[in-house]
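# Sequence first, predicted coordinates after that:
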Amino acid sequence: MSRRVRRKCVESKKKNKGILGSDSYLEIFDVGSSRLSRRDDEVNWTSLPDDTVLQLFSCLNYRDRASLSSTCQSWRGLGNSNCLWNSLDLRSHKCDAATATLLASRCANLEKIRFRGAESAIAIMNFQARALREISGDFCREITDSTLAVMAARHGALESLQLGPDYCDKISSDAIKAVALCCPKLKRLRLSGVREIDQDAINTLGKNCGQLAEIGFMDCVSVDEGALGNVVSVRFLSVAGTRNLKWTSASEVWSKLPNLIGLDVSRTDISQSAVSKLLSSQNLKVLSALNCPALEEEGNYPVYNVKGKLLLAIFKDIFKEISNLFVDITNKERDVLLIWRDLMNGDKNGNEIMTWLEWILSHSLLRIAETNPQGLDNFWLKQGAALLLCLMQSSQEDVQERAATGLATFVVIDDENATVDCGRAEAVMNDGGIRLLLDLARSCREGLQSEAAKAIANLSVNAKVAKAVAEEGGINILANLAKSMNRLVAEEAAGGLWNLSVGEEHKGAIAEAGGVTALVDLIFKWPSGGDGVLERAAGALANLAADDKCSMEVAVAGGVHALVTLARSCKFEGVQEQAARALANLAAHGDSNSNNAAVGQEEGALEALVKLTRSQHEGVRQEAAGALWNLSFDDRNREAIAQAGGVEALVALAQNCSTASQGLQERAAGALWGLSVSEANSIAIGQEGGVAPLIALARSEAEDVHETAAGALWNLAFNPGNALRVVEEGGVPALVHLCSSSVSKMARFMSALALAYMFDGRMDEVAPIGSSSEGIPKSVSLDGARRMALKKIESFVLTFSDPQSFAAAAASSAPASLAQVAEAARIQEAGHLRCSGAEIGRFVAMLRNPSSTLKACAAFALLQFTIPGGRHAMHHASLLQKTGSARVLRAAAAAATAPIEAKIFARIVLRNLEHHNGETSI
């Protein structure tokens, strides 16, 4: 799935203490480290060595760094040190022109900058960083030609420009030409998703950028392949994912490039002949052709064995191919990337190749994971997952991030239903990926924290991986990341906690790690921060609230107010759904804590849930109805829901859910069942037209649906007017069918009780045969319906009657014989039903009914409601004892004309009363 009381590090009366209010600093040390003491007398922050303070500053994002440097004079000087501001990552937080202007005085020597989005791209101009050499941007879809042209004009010393991996479809050849004219020192240019890069733009690059060694035109619609042959300085070229390339001419021209040593044509339609031509090039050393359909036809893999050339393809052992770059690697191919990092030496050419290889592999693997083409399971299991794990250990931060994103992506096979491939997830786990990801998540770099947390979240959908994450300390790490001031980090961490909280085994650990408070705080921190963080936080809280102990922690942390606020104010349907689900789970513990009442008493809660039942989104309607169902178990909530328009809303929901999911149908019927416990609500439901849709739901083949509908009809039938409506709307055949055919004992039981209410004689008092209580004529034969109903009630009761055991019980006064009958007749779930005094009185009255079937049914019902161990057995026994029902029960047990079932069941009820009376006296 999913999103603030902050913990202070130091408190002191001295002016220069307590300065670490930045959450980012706390999180660095909170995660997996106990070295930072929080006692006032442990650390004098102002006496720390300068290099320690500088190291501390380097771990912070730019906003926290600027804030911390303003706390005292000595730290102001250190905080403005050039070494802290020669590189800047703006992706952590929103950076607009005003923010950039405030930071400009610190950024005179800024050399490298990373940003996210068009607004930050525009803000870069305000830094006035004339010495800027590297610009890297994410989420660049809205960047236009004018923005890029101005960026290039302001930074003439630029050596590296990278925009992607998302598409830059508003950038054209004109902007690329402007970059070439303004940035003659350009050495690297990587652009993704440009629609067209024409001959003029490429020729301008070749003419004006004499040091341009690397070009990446990925996922473009059209690139002039002939013009690329004029950029003679290029050493590394990537056209991965680019369409409409003429491969015959491209291979001819590119094979003649004098300095080209690395070429990436992954995810293109390159032909086998073009590959052969390129590999014949004198200078080319590495050709990456991952996921190229023409080369990967099953059973027809081409054989390329060109000495001194590396071909990276799906059908090749990529680790082994890369190891060919090294002379002394034998039987260690899987560690080739790690070995290279350890052995980096004066071989500039080899280092450049490996650095480029890491970059293009991370980019291509991510793109392949995003598209999830068929037929690559074997590749992912045998080497794809291992490649991503190796790339996660790169010294290049963007490679690490993409590798982590690739891991998060390739395991997901159905994003909408949160389905992951078990084999892929466990391959990551078995290769040590969980520890690597958790180490990245503990990094002080928020980009890595975010992507690592995302990968952990997706992998944790698999139960085995979730267990491994918990055992490796991942819950504490995610709980701390959920406290981050960076919304993206907190969002992904909340997603991890959401998935980990699905199983019962991790809920307690999440609460102990402070996860509940962190998740609640996310909602208060970003009430309008977008659907991602709020949905994940609400989803995790919904899972946690299903646990009794955790539900109390959610309430104590302010979760009721936070979730009600989302239900009332948030416009995102995913957030509404999870907030309603969380409230439903909070309200599900009515017998063990006070959360049910607390939710109902929260201002606007019931009105918001009633409103959500009218949502256009089925999931929202379902969870809102479920919440109202649970809340209706509280007497005050039940009446308040009705006052908030709940009867009308839920009847309308039941009327319109005939084609909806079973979950929605069950909850709609369940909510009406809960409301109908009140006689006033029961009458209102009948008058509002609720009988017909409940009858329709009682005809459902789904056990959960028809069971809840039967419960609602049982309650409604207590009122004679509603009973007549049930008959008139054709409810008798539906209930008779349930009574005899449902696989659910509870559905059969409640159907039988509804029929008993309808034909115990009280319905005859409200209207003459053939007309309804509103005087609307109906062609209904009450006599025929009565005969059919009583026949099925009798059959239902007899299913719990064993002639041999009943005869033994009738002939003996021994408790054991009655206990045997009681145990055989017991419906376990019926012990959860709670009846009012009027309902118990109704069954007692049935014991005097002339119908022997109704007598047996009433005695059977009272047996279920009073049997020891039932949740409300003591309550029902008390009601019977207060009304002096024992006399009626003894009469029923001794009646000569009563059926044996009525007699034996009545005797068991008397025994139950004696048991409860003994418990009360004790």
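Nice, thanks for sending it over. Numbering: from 1, shown residues only.
# Tell me the helix or strand right after the lowest-mean-pLDDT helix or strand in the chain.
Sorted by mean pLDDT, DSSP states H and E, the helices and strands of the chain end with helix 23-30, the least confident at a mean of 34. Remark: after helix 23-30, the chain's next helix or strand is helix 50-58, criterion DSSP states H and E.
# Check which element follows that following helix along the chain.
helix 62-68.
# List the buried residues of that next one.
Residues of helix 62-68 classed as buried: 62-68 (neighbour count, 16 or more other C-beta atoms under 10 Å). Quick note: C-beta positions are derived from backbone N, CA and C, even for glycine.
# Show me what it is packed against.
helix 23-30, helix 50-58, helix 73-79, helix 97-103 (3 or more C-beta pairs under 8 Å, 6 or more residues apart in numbering; DSSP states H and E).
# Would you mind checking the average pLDDT for it?
What helix 62-68 shows for mean pLDDT is 81.
# ok now that helix, how far from the chain's centre?
Computed by C-alpha atoms, centre = their mean, to the nearest Å, the chain-centroid distance of helix 62-68 equals 32 Å.
# do the same with stretch 241-252
Here stretch 241-252 is found 42 Å from its chain centre; the criterion is C-alpha atoms, centre = their mean.
# So which bits of that stretch are buried?
Within stretch 241-252, the residues scored as buried using 16+ other C-beta under 10 Å are 241-242, 245, 247, 250-252.
# same thing with stretch 189-196?
In stretch 189-196, counting by 16+ other C-beta under 10 Å, buried: 189-194.
# before we move on, back to that, quick one: which of the buried residues of stretch 241-252 is nearest residue 474?
Distance to residue 474 across these (C-beta to C-beta) is lowest for residue 241, with 33.6 Å.
# three-state assignment of residue 240?
Classification of residue 240 by DSSP: H, G, I helix; E, B strand; the rest coil places it in coil.
# So it versus residue 379, what's the distance?
17 Å (C-beta to C-beta, to the nearest Å).
# Leaving out sequence neighbours, find the closest residue to residue 797.
residue 856 (4.9 Å; C-beta to C-beta, 6 or more residues apart in numbering).
# need the contact list for that neighbour.
Taking C-beta atoms under 8 Å, 6 or more residues apart in numbering, we find residue 856 in contact with 794, 797, 898-899, 901-902, 905.
# And for residue 747, the neighbour number?
24 (other C-beta atoms under 10 Å).
# Could you look up the next helix or strand downstream of the host helix or strand of it?
In the assignment (DSSP H and E), residue 747 maps to helix 745-758. Using DSSP H and E, the helix or strand that follows helix 745-758 in sequence is helix 782-798.
# Can you give the distance of that next one from its chain's centre?
Worked out by C-alpha atoms, centre = their mean, helix 782-798 lies 49 Å from the chain centre.
# and it, which residues are buried?
By 16+ other C-beta under 10 Å, the buried positions in helix 782-798 come out as 782, 785-786, 788-790, 792-794, 796-797.
# With stretch 543-562 instead?
So, applying 16+ other C-beta under 10 Å, buried residues of stretch 543-562: 543-547, 550-555, 557-562.
# Among the contacts of residue 856, which ones are in helices?
794, 797, 901-902, 905 (DSSP state H).
# Turn those into a markdown table, including distance to residue 150.
Supplementary listing: the ones in helices among the contacts of residue 856 in a markdown table, determined by distance: C-beta to C-beta, whole Å:
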| residue | distance to residue 150 |
| --- | --- |
| 794 | 88 |
| 797 | 86 |
| 901 | 91 |
| 902 | 92 |
| 905 | 88 |
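# for residue 310, phi and psi?
phi -110, psi 130 (degrees, to the nearest 10).
# scratch that, residue 192 is what I was asking about
Dihedral angles (degrees, to the nearest 10) for residue 192: phi -120, psi 140.
# Kindly indicate the member of the contacts of residue 856 with the most neighbours.
Busiest of the contacts of residue 856 [other C-beta under 10 Å] is residue 905, holding 33 neighbours.
# Verify the contact between that one and residue 825 for me.
Yes. Using C-beta atoms under 8 Å, residue 905 makes contact with residue 825 at a distance of 7.3 Å.
# shared neighbours, the two?
In contact with both residue 905 and residue 825: 860, 863, using C-beta under 8 Å, 6+ apart.
# which residues in the stretch 301-450 of the chain form helices?
Under the criterion DSSP state H, counting those that start in this stretch, the stretch 301-450 of the chain contains helices at 318-323, 336-343, 348-371, 377-379, 385-391, 397-410, 422-430, 433-441, 446-459.
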